[in-house]
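Participant: Got a predicted structure plus its sequence, pasted below:
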Amino acid sequence: MNAALPARSDFSAIAGWIKPGAHVLDVGCGDGSLLRFLKEARGATGYGVDIADDNVLECVKNGVNVIQSDLEAGLSGFDSGSFDCVILSQTLQAMKHTERLLKEILRVGREGIVSFPNFGYWRARLQLIGGHMPVSKELPYQWYDTPNIHLFTLADFEKFCRGHGVRILERVVLAGGQPVTTWPNMLGALAVYRLDRAGGAVPVSA
Amino acid sequence: MNAAAPNIADSVGVVTPVDVHFDAPLRLKSGATMPQYDLRYETYGTLNAQRSNAILVCHALNASHHVAGWYASDPRDVGWWDNLIGPGKPVDTNRFFVVGVNNLGGCHGSTGPASVNPATGRPWGADFPVVTVDDWVQAQARLATHLGIERFAAVIGGSLGAMQALQWTMTYPDRVGLALVSAGAPKLSAQNIAFNEVARQAITTDPDFHGGNYYEHGVVPRRGLRLARMLGHITYLSDDAMAEKFGRELRGGEFKFGFDVEFEIESYLRYQGDKFSTYFDANTYLRITKALDYFDPALEHGGNLSAALKGAKARYLVVSFTSDWRFSPARSREIVKALLDNRLDVTYAEIDAPHGHDAFLMDDPRYHALIRASMEALPL
């Protein structure tokens, strides 16, 4: 089953939360490898969304459905509550309209899964103390060529959720592909959250 | 072979059209019946033993069954989608058996208004019924059955051809694997219909039109056809493409303060209009624009396209082009939304191409790569 092995360390955490046969939307789906993994591992159906021409082509080659669309413009092409789960895998940090996108995800999906590189990871902190912007496996870019424009920590994200009516249902924190339980904001390189709207889903008519 | 002959290596080469006669009457959407009719078609590649590798190409307004290759009698008469279809091309004729067909009511060999009405012994003319996309799809399905094709691996088309591909998945959900819906729309807008109406008025008010029975008078409403084509061409190109191609270039280099051809764009439109009026039948043009106007699969479902697509089973590749203002990306997104509502397999690509509506005929590498990948993924 090598073909189905997760290409990124957050894939298996995400797959663990996807019910068999679930209908999912992978927002910022890249080459479609997560969707393909979810299709093969969980029998999931659904679509990816991406803006880049080359990613759309790679999705077709990976045998997954993709809708070419600009995420910054929101998810207006998708009805409220039309997916069991909307996934935002390592995409949020590269988006301009963070608030709006998170709101859109929890409008379109009954649940949301969000993963992101933790800027509070100790190696990142050390590099900053050393006087340089962090560069790591999770944040592989130089300051001048990074697509990541919103860098944040677990604590930042959780504070954001509390202030924006987003309920955290589960959290997995990883470092080197292994789960981290102690001092996650210090020892975790990558965070994966399962979310919904506090107070229930947005009405379908909204 | 003369110097203008296309490259042989990646072409299907010399092709020969075939006519097939259908005796079983075809009941049309209008209520009229075609008692009998011929369809002219071409095929490229070889139908496999399982008969599972067939692809149907649906043509748009002015095209025909001549999709790829060229004719021995005229090597410059290259098929209209030859850049897409051929050995090793995105629609690979080494793998697929490709069928192109001239639609009923056409003027390239299938029974149309210029054909002889067996009931009168004279050309059909004005009496030729109004045909619709549904009618074409039915006739195409009969051709498929005649060719021993129960199910097409794909039905592909752009513009009006995209509408036929979409209609196929609704009329014959079990007979289509993949539908390529390129530069399409789920129905025409008022503006689209308006352009069609001006084109029709140009034809029907031409003194040589004779109420559609111009054949008997030995004339052709050439001026009307010419205007219709000129108008059409304006809508096929984007403003940017026109500016890029022609700008305000003057043929003579300076203003002549007259009404003869001065700007290059005038020259281009006149040339296209003149050329078109020598080979296209005016009655066919009227009917094809009507087929466009009437296409609205959602109509019978209270205007709900999602409901119209309820029984569909195909996979879809929907492609739009950013500079297409005739059938803009927003129109393709309407189709995509209805497919999403039905949880159908769909990939939607919005290609940033400058050519306007005509982009669906171009060989943009992103466009062709997507079609190639979709075709390669088709199980046979």
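Facilitator: Noted; the coordinates are in hand.
Participant: switch to C-alpha atoms for all contacts and neighbour counts from now on
Facilitator: Noted.
Participant: Closest residue of the stretch 151-300 of chain B to chain A?
Facilitator: Proximity to chain A, evaluated over the stretch 151-300 of chain B using C-alpha to the nearest C-alpha, is greatest for residue B:178 at 12.8 Å.
Participant: Isn't that residue up against residue B:153?
Facilitator: Yes - between residue B:178 and residue B:153 there is a contact under C-alpha atoms under 8 Å: 6.2 Å.
Participant: Give the residues shared as contacts by those two.
Facilitator: residue B:378 (C-alpha atoms under 8 Å, 6 or more residues apart in numbering or on different chains).
Participant: residues in contact with residue A:189?
Facilitator: Contacts of residue A:189 (C-alpha under 8 Å, 6+ apart): A:117-121, A:138, A:173-176.
Participant: Mind checking which of those are buried?
Facilitator: A:117-121, A:138, A:173-175 (16 or more other C-alpha atoms under 10 Å in any protein chain shown).
Participant: Flag whichever of these scores worst on pLDDT.
Facilitator: Lowest in pLDDT among the buried ones among the contacts of residue A:189 is residue A:138, which has 86.
Participant: Let me know the distance separating residue B:293 from residue B:226.
Facilitator: 21 Å (C-alpha to C-alpha, to the nearest Å).
Participant: higher neighbour count, these two?
Facilitator: Counted by other C-alpha atoms under 10 Å in any protein chain shown, residue B:293 and residue B:226 do not tie: residue B:226 has more neighbours, with 26 against 20.
Participant: Show the low-confidence segments of chain A, by residue range.
Facilitator: Counting by pLDDT under 70, chain A has low-confidence residues at A:1-7, A:200-206.
Participant: need the residues of it near chain B, please.
Facilitator: Residues of chain A lying near chain B by C-alpha under 8 Å from any C-alpha of the partner chain: A:46, A:53, A:56-57, A:60-61, A:63, A:65-69, A:77-78.
Participant: that older thread, can you redo the contacts of residue A:189 as JSON lines with distance to residue A:150 and secondary structure?
Facilitator: Formatted as JSON lines, those follow (distance: C-alpha to C-alpha, whole Å; DSSP: H, G, I helix; E, B strand; the rest coil):
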{"residue": "A:117", "distance to residue A:150": "11", "secondary structure": "strand"}
{"residue": "A:118", "distance to residue A:150": "11", "secondary structure": "coil"}
{"residue": "A:119", "distance to residue A:150": "10", "secondary structure": "coil"}
{"residue": "A:120", "distance to residue A:150": "13", "secondary structure": "coil"}
{"residue": "A:121", "distance to residue A:150": "15", "secondary structure": "coil"}
{"residue": "A:138", "distance to residue A:150": "14", "secondary structure": "coil"}
{"residue": "A:173", "distance to residue A:150": "19", "secondary structure": "strand"}
{"residue": "A:174", "distance to residue A:150": "20", "secondary structure": "strand"}
{"residue": "A:175", "distance to residue A:150": "20", "secondary structure": "strand"}
{"residue": "A:176", "distance to residue A:150": "22", "secondary structure": "coil"}
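Participant: okay, the buried ones among the contacts of residue A:189 in TSV with distance to residue A:96 next?
Facilitator: Converted to TSV, the buried ones among the contacts of residue A:189 look like this (distance: C-alpha to C-alpha, whole Å):
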residue	distance to residue A:96
A:117	16
A:118	18
A:119	17
A:120	20
A:121	23
A:138	19
A:173	24
A:174	25
A:175	26
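Participant: Could you report the neighbour count for the closest residue to residue A:98 other than its chain neighbours?
Facilitator: Using C-alpha to C-alpha, 6 or more residues apart in numbering or on different chains and skipping residues adjacent in sequence, the residue nearest residue A:98 is residue A:92, 6.5 Å away. Per other C-alpha under 10 Å, the neighbour tally for residue A:92 reads 24.
Participant: got the residue ranges for the strands in the stretch 201-350 of chain B?
Facilitator: Along the stretch 201-350 of chain B, counting by DSSP state E, counting those that start in this stretch, strands occupy B:315-321, B:346-351.
Participant: how many degrees apart are the first one and strand B:346-351 in direction?
Facilitator: Orientation of strand B:315-321 against strand B:346-351 (axes from the mean of the first three to the mean of the last three C-alpha atoms, to 10 degrees) gives an angle of 20 degrees.
Participant: which strands and helices sit next to strand B:315-321?
Facilitator: strand B:176-182, helix B:329-341, strand B:346-351 (3 or more C-alpha pairs under 8 Å, 6 or more residues apart in numbering or on different chains; DSSP states H and E).
Participant: mind running it again at 6 Å?
Facilitator: If contacts are counted by 3 or more C-alpha pairs under 6 Å, 6 or more residues apart in numbering or on different chains; DSSP states H and E, strand B:315-321 sits against strand B:176-182, strand B:346-351.
Participant: Likewise for the last one?
Facilitator: In this structure, strand B:346-351 makes packing contacts with strand A:66-68, strand B:315-321, judged by 3+ C-alpha pairs under 6 Å, 6+ apart.
Participant: Return the distance of the first one from the chain's centre.
Facilitator: Taking C-alpha atoms, centre = their mean, to the nearest Å, one finds the center of strand A:66-68 at 17 Å from the center of the full chain.
Participant: Dump the residues of chain A next to chain B into TSV; add neighbour count as well.
Facilitator: Below are the residues of chain A next to chain B laid out as TSV (neighbours: other C-alpha atoms under 10 Å in any protein chain shown):
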residue	neighbour count
A:46	25
A:53	16
A:56	30
A:57	25
A:60	25
A:61	18
A:63	19
A:65	27
A:66	33
A:67	26
A:68	21
A:69	21
A:77	15
A:78	19
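Participant: can I assume residue A:137 sits in a strand?
Facilitator: No - residue state for residue A:137 (DSSP: H, G, I helix; E, B strand; the rest coil) corresponds to coil; a strand is not indicated.
Participant: Enumerate every residue touching the residue nearest the centre of chain A.
Facilitator: Central residue of chain A (C-alpha atoms, centre = their mean): residue A:89, 2.3 Å from the mean position. Residues near residue A:89 by C-alpha atoms under 6 Å, 6 or more residues apart in numbering or on different chains: A:114-115.
Participant: and it, what are its bridge partners?
Facilitator: Residue A:89 has these beta-bridge partners by DSSP bridges: residue A:115.
Participant: Alpha carbons of stretch B:296-308, in PDB - could you do that?
Facilitator: Provided in PDB are the C-alpha atoms of stretch B:296-308 (Å, rounded to 0.1, in the frame of the first residue of the first chain):
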ATOM      1  CA  ASP B 296     -32.400  25.200 -21.500                       C
ATOM      2  CA  PRO B 297     -32.400  21.800 -19.900                       C
ATOM      3  CA  ALA B 298     -33.500  23.300 -16.600                       C
ATOM      4  CA  LEU B 299     -36.700  24.600 -18.100                       C
ATOM      5  CA  GLU B 300     -38.700  21.400 -17.600                       C
ATOM      6  CA  HIS B 301     -37.500  21.300 -14.000                       C
ATOM      7  CA  GLY B 302     -38.800  24.600 -12.900                       C
ATOM      8  CA  GLY B 303     -35.600  26.400 -13.900                       C
ATOM      9  CA  ASN B 304     -33.600  24.100 -11.600                       C
ATOM     10  CA  LEU B 305     -30.500  22.800 -13.400                       C
ATOM     11  CA  SER B 306     -29.500  20.600 -10.500                       C
ATOM     12  CA  ALA B 307     -32.900  18.800 -10.800                       C
ATOM     13  CA  ALA B 308     -32.300  18.400 -14.600                       C
END
